[in-house]
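Undergrad: The following block contains a protein sequence and its predicted model.
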Amino acid sequence: MFNTAHVFYMLISAAVTAALLTVLFIWVKERRCKLLVVRITAILTVVIHFSSLWVDFFAEGTATVEKSMLLPIYPCNICMWLLLITAFVKPERKAFRYLSEFLMLAGVVCAVIGIVFNENYGENPTLADYDILKGLLSHSTMLFGCLYLGVSGLATPRMHCLISVVSGLMLFIVDGLVINALFATFGLDSVNAMYLLSPPFEGLPFINTLTIGIAAVAVTFTLAALYEYFCVEKEDRWYKTLTRYVNELKARRF
């Protein structure tokens, strides 16, 4: 990991992502076009994720299905499917707001970790193996899609994003508990779904599911507070809204 090929990939991926986001931010203004970009990106991410099946089949006449193709074992797996769902949910629905807010924040973090600390690449550090390359590519397209939700304005980092992030984290936990229970029930080797059984990095035990969740909430709160301070009228900021809500409750009570 972090060999020359990996570093070059990260640099090229970052440059292409930044360039595309800039171009689309400048030229794409209609919401339907923005949604089309999200849909194309979401579909492309899923296709790349499964593409090794076709590559292996036509190259060797057989293909092995990975565990993460059958079940959402890792956070990135869930974010990939959530991005696809979000792409086809009407923006007027509350579900779109919750999903897009979660992906704009947690999806970006998951994608970055999947590129920088890719476990498969760490075990086989080469881009010549298509299984390894497609893993990085799918994370890059997912990163682009999640970032674009924010850059396009389809999602904004307001304080209510905390609800979306906490809900998404709860989904991670429930998903991990179910999958770990399934593997235990059928006597299969543990896959440590959602890293609930052990930390993701052996040398860094303090980075675990609990601390990652706390950090995610703290980062979300900080980003939302900064965004509202600089980009939202004072009367519409979260603390003003909360104050009005509390006053309304008091008025109803008395």
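TA: In hand now; what should we look at?
Undergrad: neighbouring contacts of the helix-or-strand element of the chain with minimal mean pLDDT?
TA: Taking mean pLDDT, DSSP states H and E as the measure, the helix or strand of the chain with the lowest value is helix 238-253, at a mean of 78. Contacting residues not belonging to helix 238-253 are listed as 158-160, 224-225, 228, 234 [Cβ atoms under 8 Å, 6 or more residues apart in numbering]. The way it works is simple: take the backbone N, C-alpha and C, and place the C-beta from them, glycine included.
Undergrad: How about stretch 33-52?
TA: For stretch 33-52, the external contacting residues (Cβ under 8 Å, 6+ apart) are 24, 28, 63, 66, 69, 80-81, 83-84, 86-88, 91, 130-131, 134, 137-138, 141-142, 144-145, 148-149, 152-154.
Undergrad: Would you mind extracting the C-alpha trace of that stretch into CSV?
TA: What follows is the C-alpha trace of stretch 33-52 in CSV, where atoms were taken according to Å, rounded to 0.1, in the frame of the first residue of the first chain:
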residue,chain,number,x,y,z
CYS,A,33,-29.6,17.4,-15.4
LYS,A,34,-28.0,17.3,-12.0
LEU,A,35,-30.1,14.2,-11.2
LEU,A,36,-29.0,12.6,-14.5
VAL,A,37,-25.4,13.0,-13.5
VAL,A,38,-26.1,11.3,-10.1
ARG,A,39,-28.0,8.5,-11.9
ILE,A,40,-25.2,7.9,-14.4
THR,A,41,-22.6,7.9,-11.6
ALA,A,42,-24.6,5.6,-9.3
ILE,A,43,-25.2,3.1,-12.1
LEU,A,44,-21.5,3.2,-13.2
THR,A,45,-20.4,2.5,-9.7
VAL,A,46,-22.5,-0.6,-9.4
VAL,A,47,-21.5,-1.8,-12.9
ILE,A,48,-17.8,-1.4,-12.1
HIS,A,49,-18.3,-3.2,-8.7
PHE,A,50,-19.6,-6.2,-10.5
SER,A,51,-17.6,-5.9,-13.7
SER,A,52,-14.9,-8.4,-12.5
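Undergrad: May I see the buried residues of it?
TA: By neighbour count with 16 or more other Cβ atoms under 10 Å, stretch 33-52 contains the buried residues 34-35, 37-39, 41-46, 48-49, 51-52.
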